[in-house]
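Asker: Quick one: sequence plus predicted model below, questions after.
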Amino acid sequence: MKKIFRSVIMIMTIISLSSILTGCGGGGGLENIYSSTGVSGDVSVKSMEFNSTNSAGEITVGVSAGNLPDNFTLDVTSFRLFSDNYDINVTSVSPSLLRFFSSGEKNATLRFTYVQKNSSINSGDIGLGDLKLSYEEIYTSTVTGSKSTKVVTLNQIDPSVSNSNIDYPGFVSSLSLVYVNTVYDNVTGFFKDRWSIHAVDKYATPIKEGITLSPTLINGYKYVGYASGQIVAGTYPKFIDATSPFVDIDTTSPNNDRLIILPQSTPIRIDKSYLGDWTIEKDVNQSTLMLSENYSGPSTDSLRYVIGGEKRVLADVVSLAHVEAVNGDYRADGNGTVLFDVVYDPMLVGHTLTLSAKAYNGEKRSGVAIRTNFRGQGYDATSEVINNDGNSHVVTLAISIKPTSQPLVGVRLTPESITFDSKECELDLVATGDILTDRNGQFSVVVNTSGNTAKAETCTVSWMTQNSSIYYEY
């Protein structure tokens, strides 16, 4: 609910601009006074206190006003704070009237008491753009008694409006995932790939501190859809793939299988409302899944997606990965970022995973996803020297993972990663076929030699020890 707190600050700033500058209506020569004096009022926030529980709270704002026209008072009354998207009930406003006199600076305190009737709303979910405000402005001449009255309703409190002292970041509009670095934990034996979730509002400024940005991952993949998925709106939306791949979806509680929708460029599918992770409620049939979270966006087809969970089996060994908050939770800092670690068993180095991050559920849902790999800290690989005798040679090399020396198991290598120290040797692509590492981290390739010993008597066959030498698994 800290979003509501900031919204009240915004409210008082908007009152200052709208009440003083545009509240001058007709009656008693009011317009002449304003046009002749060129008054610009000053209503500002002086102190703030915020107290809340999960479902209720009170906001206290101290404000002051000055620079009003001589012989005039400004009344700001009949406050109403509400939202179309969230069930928020302001139960009382005290006092119901803020009165500022023209002589000197005057202070006042405004208290909003609210109840959050829907307890499923997370603290920090409500943004400035979700709130609306109505109030009444009354200018009264203390000499003539003439009044100017105006009811103001703001359809949406604009996060881009601010004064020189207060910054008003809005709610999440866009998310991205950025790789930071990798460390190896000598105590646990785990690798940790650090990632950052970057979140901005629609004005390209960092989101409000404290908003929860939730990451998750898929390590072991069960299904991969290449532009074959479709999401259909509903309280329990449907996810459909006409190729009927959903044979053994695990929907036990807690769910072992989850769905992550990935962005793609052809056709363009990058809407935040459906990107990212979804909980699978149940499998309706082999072509249809029911999802747990509400989706109110447009029905969209040709979606790229992955279904799976946090574990897989490599060389008869269960290998796990999970996400872990760096700072104890997943709430955004003042820069609109959340740091988290992908923690994983060493055997997963070089393999593919899908990461997702999400803010909110329902109408304001904002998600993102990325296909990437478990980075590790590099590899060691053997090399072999062969004679340039004009024959074809079967060469077997082995790859291990630094610093654990565990074999790199079950990955597919790129042909370009096989290197030679002489042009008199080359890879036989047809004879070699797919280059796959076995349970011992070994792989074999066929190398053709020219037999031109005048240029080179031998060739050294090696593998380029980097992640770009490994194909993604999907």
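Answerer: Sure, I can see it.
Asker: before we move on, what SS does residue 397 have?
Answerer: State at residue 397, reduced to three classes by DSSP: H, G, I helix; E, B strand; the rest coil: strand.
Asker: tell me which residues form a beta bridge with it?
Answerer: Following DSSP bridges, residue 397 is listed with bridge partners residue 443.
Asker: give the contact list for it.
Answerer: With contact taken as CB atoms under 8 Å, 6 or more residues apart in numbering, residue 397 is in contact with 381, 382, 383, 384, 442, 443, 444, 445, 461, 462, 463. In short, each C-beta sits where N, CA and C put it, glycine included.
Asker: buried subset of these?
Answerer: The neighbour count (16 or more other CB atoms under 10 Å) marks 381, 442, 443, 445, 461, 462, 463 as buried among the contacts of residue 397.
Asker: quick one: terminal-to-terminal distance for stretch 326-338?
Answerer: 8 Å (CA to CA, to the nearest Å).
Asker: quick one: buried residues of it?
Answerer: Per 16+ other CB under 10 Å, stretch 326-338 contains these buried residues: 330, 331, 332, 336, 337, 338.
Asker: Out of the residues you listed, which sit inside helices?
Answerer: Among those, none falls in helices (DSSP state H).
Asker: so of those, which ones are in strands?
Answerer: Using DSSP state E, the subset of the buried residues of stretch 326-338 located in strands is 337, 338.
Asker: what's the distance between residue 226 and residue 375?
Answerer: Noted for residue 226: a distance of 25 Å to residue 375, by CB to CB, to the nearest Å.
Asker: repeat for residue 313
Answerer: In terms of CB to CB, residue 313 sits 21 Å off from residue 375.
Asker: Name the residue in the two with the higher neighbour count.
Answerer: Taking other CB atoms under 10 Å, residue 313 and residue 375 do not tie; residue 375 has more neighbours (18 against 11).
Asker: and the closest residue to the more buried one other than its chain neighbours, how many residues sit next to it?
Answerer: If the residues on either side of it in the chain are set aside, residue 375 comes closest to residue 182, at 4.6 Å by CB to CB, 6 or more residues apart in numbering. Counted with other CB under 10 Å, the neighbours of residue 182 add up to 17.
Asker: quick one: contacts for residue 182?
Answerer: So residue 182 contacts 191, 192, 193, 194, 375, 376, 377 (CB under 8 Å, 6+ apart).
Asker: what mean pLDDT would you report for stretch 427-434?
Answerer: Per-residue pLDDT over stretch 427-434 has a mean of 97.
Asker: Contacts for that stretch next, please.
Answerer: Contacts of stretch 427-434 (CB under 8 Å, 6+ apart): 392, 412, 415, 418, 444, 445, 446, 447, 448.
Asker: Domain-wise, how is this protein divided?
Answerer: 2-154, 174-373, 379-469 (automatic domain parsing).
Asker: Could you check how far residue 325 is from residue 333?
Answerer: From residue 325 to residue 333 the distance is 12 Å (CB to CB).
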